[in-house]
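Asker: this one's sequence-less:
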């Protein structure tokens, strides 16, 4: 009953729980005490072998956590990391051998290696001129196209974009009902 009343208060006051959660994440990302995703990703690329294939933000107990996946083609592994945004310290690391369900990301990684590209280079190129924080970023391969998909947030709300790794150009996003 109490949760229902709180939800009703948010709705009646013109705010939604989703908008409140967005504002909370944006506040954490804007906090100068936390590393920005862009600064953090450069650090990860310098400190760990492989190519970043996925980045995601989580909030655990009010603390910003960055989840990162990296593929190391020479070791044939995928490593999943959790880091504190506050100082970039490692919270958890799991290494696994590449499997069949990693195929699409591996195709994109191989193209990046062939073109001597980094994840950060793609992110910066895709975000050129955009003032936003990264919520999620992931390499993928679909319909014969290897691309970077980005979910961004700023004070105007969330947005999504896709960036072709081969041509280094934005892709139109398809909308599904």
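Answerer: The structure has been received and is ready for your questions. Please read these numbers as outputs of a predicted model, since none were measured by experiment.

Asker: who's in contact with the residue lying closest to residue 31 once chain neighbours are set aside?
Answerer: Once flanking residues are discounted, residue 31 sits nearest to residue 64: 7.9 Å by Cβ to Cβ, 6 or more residues apart in numbering. (Each C-beta comes from the backbone N, C-alpha and C, glycine too.) Residues in contact with residue 64 (Cβ atoms under 8 Å, 6 or more residues apart in numbering) are 25, 28, 29, 31, 34, 57, 58, 84, 85, 86.

Asker: helix or strand for the second one, which one?
Answerer: Translated: residue 28. helix 17-30 (DSSP states H and E).

Asker: can you check residue 58 too?
Answerer: Using DSSP H and E, residue 58 falls in strand 51-60.

Asker: can you pick the most crowded of the contacts of residue 64?
Answerer: residue 85 (22 neighbours; other Cβ atoms under 10 Å).

Asker: related to what we said a few turns ago, so how far is residue 121 from the residue nearest to residue 31?
Answerer: 24 Å (Cβ to Cβ, to the nearest Å).

Asker: again, but for residue 75
Answerer: 22 Å.

Asker: same thing with residue 160?
Answerer: From residue 160 across to residue 121, the span is 20 Å (Cβ to Cβ).

Asker: pLDDT below threshold where in this structure?
Answerer: In the predicted model, the chain carries pLDDT under 70 at residues 1-23, 174-177.

Asker: can you tell me the centre-most residue of it?
Answerer: Taking Cα atoms, centre = their mean, the centroid of the chain lies closest to residue 136, which sits 2.5 Å from it.

Asker: who's in contact with it?
Answerer: 54, 55, 56, 57, 149, 150, 151.

Asker: end to end on stretch 51-70, go ahead and measure it.
Answerer: End-to-end span of stretch 51-70 (Cα to Cα, to the nearest Å): 5 Å.

Asker: on that earlier part again, in what helix or strand does the residue nearest to the centre of the chain lie?
Answerer: Per DSSP H and E: strand 133-142 holds residue 136.

Asker: following that strand in sequence, what is the next regular element?
Answerer: strand 145-154.

Asker: list the contacts of residue 130.
Answerer: 152, 154.

Asker: could you pull up phi and psi at it?
Answerer: Residue 130 adopts backbone torsions of phi -100, psi 130, taken as degrees, to the nearest 10.

Asker: now do the helices in the protein.
Answerer: 2-12, 17-30, 37-47, 103-114, 119-126 (DSSP state H).

Asker: what is the fourth one packed up against?
Answerer: What that stands for is helix 103-114. Using 3 or more Cβ pairs under 8 Å, 6 or more residues apart in numbering; DSSP states H and E, the elements in contact with helix 103-114 are strand 51-60, strand 63-72, strand 133-142, strand 145-154.

Asker: right, I'll call it a day here.
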